[in-house]
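Colleague: Following is a predicted model, sequence given first.
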Amino acid sequence: MAVLTLQPDAGAGIDTSLTSAGNNLNYGIATNAFSAGRTTAGLVIRSLIRFDISDLPLGVAISSAVLKLRCGGESEAADATVSAHRALTEWFEGIRDGAMPGGEDGSTWNHRNHNGSVAWVGGVGGASGSDWAASATDSVIITGTGSFFDWDVTTDVQAFYAGTQNNYGWWILGTEAGNSLKTFNPSDTATAGNRPILEITYELGGETSGSAAGVATATATAASQNMAGNAAGVAVGTGHMIADGFLRASSIDGAATVSGTMPLQQMSGLAAGLALVTGRGRAVTLPRVPIWTAIVGPTTYSLSGGNPFYRLQATGLGISNIRNIKQRGPFQDGATRRDFRLDERFLNLVFLLQGVTRAQADTYRDTLIEIFKPLTNTPCQIRVTRDDGVIKQIDTYAVGVLDLPETENERFAATQRVIVQLEAPNPIWYGPTLQNLGFTSVLGGSEGFQIPMMIPWVQQPGDYINATESFYYEGNWKEYPVIVITGPAIDAKITNLTTDEKIDFAGYTIAAGDTRTIDLRFGTKTVKDSNGVLKNNELTPDSNLGTFHLEPSPGATGGINDIKVEILSGSTTATQVSLRYYNRYTHL
């Protein structure tokens, strides 16, 4: 039996409060607002808290989990009930102390995320059954201040760990009637001992046992449920036992083991989950993982869920290595930081492939090599659907050694464990859907764009275009778009007023039916006509071909970019301008 005690500080803690009075204010770093209930003035306060439980070892059985909050204040001395309800929707702590969020993420009474005006599912302030579970996980009567109170959240933490529920933490709710407010110490509290605690008691999974080689009976525990059966087997040394509807093979530190297949009697976790027994038969129920796929040319391969691969581990998913650009004078102590760049990204992926027979496992090995073999100009696009439904993608190439080791720890029976290393020369993730901007416009003259308009922008009767529109760029990293201008157009100019960057064709005419494709991506930075002929010389010397980009928050307040399209004359209904881009992200 072991105990994991989580009591994070302001940097690692995740908690915030919502107030009905400050309905657009965020309290992510407040030290005295983490409350539940109703004040004498009728103000309702609700709070949220979440703990990162990734420090729990793999394959443990959780016997209890207790949320501990210290009551530091109250609106009156009367006892009041405070309940913990499992959160059903994602929320964002924020970085404000009773202030409106800027361009950053942050939850408020009105919005689940003020950034992007993402509403609570149940409306302002959230609602039972849509933003939090209707039934309380536990309710506690708060009888005074200066002491910790305990909520039993065992069932929730077990579900978070198993992956059967998303870990969005809990809403802390008071009675919200009369004068009932109770205030607790959040993770931002200066006194470390007063901060919220999640105490998890767990034990390693059950033991397997069996007879001598020949006919063996194996019994294991997977998250408090049993999987058992019989199969003819032989002793094969140290290895693993895997169950995914059938028990395949096992070896328990050199003890009697089984080999072959047997029906799975019971297995906890997901219906298509994976139970893995290692060491002396400790049962590991792998938690739910995001959906991973690989796209190579026209072919898409599944990399998770056992079809036929399980993705066991992945690293290299955050911000890639940050390289500071520094300048040092001849007598300077230290250096002056001028800027930074992100290095290439390296992804390290661990897969488990499993066949019914060793011959089938060989076929799966061939497929894995086909996915990750090096190709000159074709990337292996790794696409991930996260638990929150967000889809991100990155272009990679195989690097290092892709080995298929024939060792007792890496290949056992019809199962193979493989480590793959990938390099992403461009370390930035992106949303896989190509974006074409859509917006409305107010014209400065009597002719020009139709209202409302969607990119591609089509000229209406008249011979000029002059329009400015604001749009929200969702990514958190700079994007260098591709702009296409279809003639006829004289003196075309595209300006991002937010960044003060422009692409200017002053003095040049784009003929009817001809185009100018301005590819602003790094490694390209070109202007070409419809025949692919280079036309960089048509840009004015002060055009920003090297730097023109879409700016994310906080550089662009709230992620808003103001794009201005100007064509001095010569435009007709055939004239079009399109701006194509992807939302770019620093991390998965």
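Modeller: That came in fine, so what should we check first? Predicted model, so just to flag it, every value in this text is computed and none were measured.
Colleague: how about the helices in the stretch 301-450 of the chain?
Modeller: Applying DSSP state H, counting those that start in this stretch to the stretch 301-450 of the chain gives helices spanning 358-372.
Colleague: Okay, strands next: where are they in it?
Modeller: Secondary structure of the stretch 301-450 of the chain (DSSP state E, counting those that start in this stretch): strands at 309-315, 322-327, 336-342, 345-354, 380-385, 391-398, 411-412, 415-424, 429-430, 435-436, 438-439, 442-443.
Colleague: can you put those in a markdown table and add mean neighbour count, mean pLDDT and distance to residue 136?
Modeller: The way it works is simple: take the backbone N, C-alpha and C, and place the C-beta from them, glycine included. A markdown table is the format used below for the strands of the stretch 301-450 of the chain (neighbours: other Cβ atoms under 10 Å; pLDDT from 0 to 100; distance: least, Cβ to Cβ, whole Å):
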| stretch | mean neighbour count | mean pLDDT | distance to residue 136 |
| --- | --- | --- | --- |
| strand 309-315 | 19 | 87 | 36 |
| strand 322-327 | 10 | 91 | 44 |
| strand 336-342 | 11 | 91 | 45 |
| strand 345-354 | 20 | 89 | 39 |
| strand 380-385 | 19 | 92 | 31 |
| strand 391-398 | 19 | 94 | 34 |
| strand 411-412 | 22 | 76 | 46 |
| strand 415-424 | 20 | 90 | 43 |
| strand 429-430 | 23 | 94 | 38 |
| strand 435-436 | 16 | 80 | 42 |
| strand 438-439 | 14 | 34 | 43 |
| strand 442-443 | 14 | 31 | 51 |
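Colleague: Partner strands of the longest strand belonging to the chain and their direction?
Modeller: Using DSSP state E, we find that the single longest strand of the chain is strand 60-74. Here strand 60-74 is paired, per DSSP bridges, with strand 148-152 (antiparallel), strand 182-184 (antiparallel), strand 197-204 (antiparallel).
Colleague: Could you look over those strands and pick the most buried one?
Modeller: Most buried of the strands paired with strand 60-74, by mean neighbour count (mean count of other Cβ atoms under 10 Å): strand 182-184, with a mean of 26.
Colleague: can you list contacts of it?
Modeller: 32-37, 47, 69-75, 80, 82, 142, 172, 174, 196 (Cβ atoms under 8 Å, 6 or more residues apart in numbering).
Colleague: from memory residue 186 sits against residue 34, does it?
Modeller: Yes - using Cβ atoms under 8 Å, residue 186 is in contact with residue 34, at 3.9 Å.
Colleague: And these two? Which one has more around it.
Modeller: When residue 186 and residue 34 are compared for neighbours, residue 186 comes out ahead with 30 against 26, by other Cβ atoms under 10 Å.
Colleague: Show the pLDDT at residue 51.
Modeller: If you check residue 51, the pLDDT there is 95.
Colleague: What of the one 4 residues further on?
Modeller: Per-residue pLDDT puts residue 55 at 85.
Colleague: Assess the claim that it and residue 6 are in contact.
Modeller: Yes - applying Cβ under 8 Å as the test, residue 55 and residue 6 come out as touching, 7.4 Å apart.
Colleague: Looking at the two, which is more packed in?
Modeller: Comparing residue 55 with residue 6 by neighbour count (other Cβ under 10 Å), the higher total belongs to residue 6, at 19 against 9.
Colleague: For residue 554, see how far away that one is.
Modeller: 30 Å (Cβ to Cβ, to the nearest Å).
Colleague: can you check residue 362 too?
Modeller: 52 Å.
Colleague: Direction included, what does the helix or strand containing residue 171 pair up with?
Modeller: Under the criterion of DSSP states H and E, residue 171 resides in strand 170-173. Paired strands of strand 170-173, with direction, are strand 44-50 (antiparallel), strand 80-86 (antiparallel) (DSSP bridges).
Colleague: Could you dump the ones you listed into a markdown table with distance to residue 297 and mean neighbour count added?
Modeller: Shown next, in a markdown table, are those (distance: least, Cβ to Cβ, whole Å; neighbours: other Cβ atoms under 10 Å):
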| stretch | distance to residue 297 | mean neighbour count |
| --- | --- | --- |
| strand 44-50 | 41 | 24 |
| strand 80-86 | 43 | 22 |
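Colleague: Could you point out which of those sits nearest residue 483?
Modeller: Relative to residue 483, the nearest member of the strands paired with strand 170-173 by Cβ to Cβ is strand 44-50, separated by 41.9 Å.
Colleague: now what about the closest one, what contacts it?
Modeller: Strand 44-50 is contacted by residues 14-20, 33-39, 67, 87, 91, 107, 125-126, 167-174, 176, 181, 184, 186, 196 when judged by Cβ under 8 Å, 6+ apart.
Colleague: Stretch 537-544 too?
Modeller: 501, 502, 503, 504, 505, 506, 507, 508, 516, 527, 545.
Colleague: can you rerun that using 6 Å?
Modeller: 501, 502, 503, 504, 505, 506, 508 (Cβ atoms under 6 Å, 6 or more residues apart in numbering).
Colleague: which of these lies closest to residue 586?
Modeller: For the contacts of stretch 537-544, the nearest to residue 586 is residue 501 (21.4 Å; Cβ to Cβ).
Colleague: which residues touch that closest one?
Modeller: Contacts for residue 501 were tallied using Cβ under 6 Å, 6+ apart; they are 544, 547, 548.
Colleague: quick one: low-confidence ranges for the chain?
Modeller: Residue ranges of the chain with pLDDT under 70: 205-289, 408, 437-462.
Colleague: can I see the domain layout of it?
Modeller: 2-203, 214-285, 291-327+335-430, 435-585 (automatic domain parsing).
Colleague: quick check, distance from the last one to the centre of its chain.
Modeller: In terms of Cα atoms, centre = their mean, to the nearest Å, the centre of domain 435-585 is found 31 Å from the chain centre.
Colleague: One more: stretch 352-361?
Modeller: The answer for stretch 352-361 is 31 Å, by Cα atoms, centre = their mean.
Colleague: Show me what it is in contact with.
Modeller: Against stretch 352-361 from outside (Cβ under 6 Å, 6+ apart): 308, 309, 310, 312, 364, 414, 415, 416, 417.
Colleague: surely the second one meets residue 351?
Modeller: Just to be clear, that refers to residue 309. Yes - assessed by Cβ atoms under 6 Å, residue 309 is found in contact with residue 351 at 4.9 Å.
Colleague: Look up how far residue 420 lies from the nearest residue to residue 364 once chain neighbours are set aside.
Modeller: Spatial nearest neighbour of residue 364, excluding adjacent residues (Cβ to Cβ, 6 or more residues apart in numbering): residue 353 at 4.3 Å. From residue 353 across to residue 420, the span is 11 Å (Cβ to Cβ).
Colleague: And for residue 58?
Modeller: 20 Å.
Colleague: residue contacts, residue 79?
Modeller: Neighbours of residue 79 in contact, by Cβ under 6 Å, 6+ apart: 141, 143.
Colleague: does residue 156 sit in a helix, a strand or a coil?
Modeller: Here residue 156 is recorded as helix under DSSP: H, G, I helix; E, B strand; the rest coil.
Colleague: and it, how many neighbours?
Modeller: Neighbour tally, residue 156, other Cβ under 10 Å: 24.
Colleague: How about the contacts made by it?
Modeller: Residue 156 neighbours (Cβ under 6 Å, 6+ apart): 86, 137.
Colleague: buried stuff in stretch 504-523?
Modeller: 504-506, 508-510, 514-520 (16 or more other Cβ atoms under 10 Å).
Colleague: and which of those residues is nearest residue 136?
Modeller: Nearest to residue 136 out of those is residue 520 (Cβ to Cβ; 53.2 Å).
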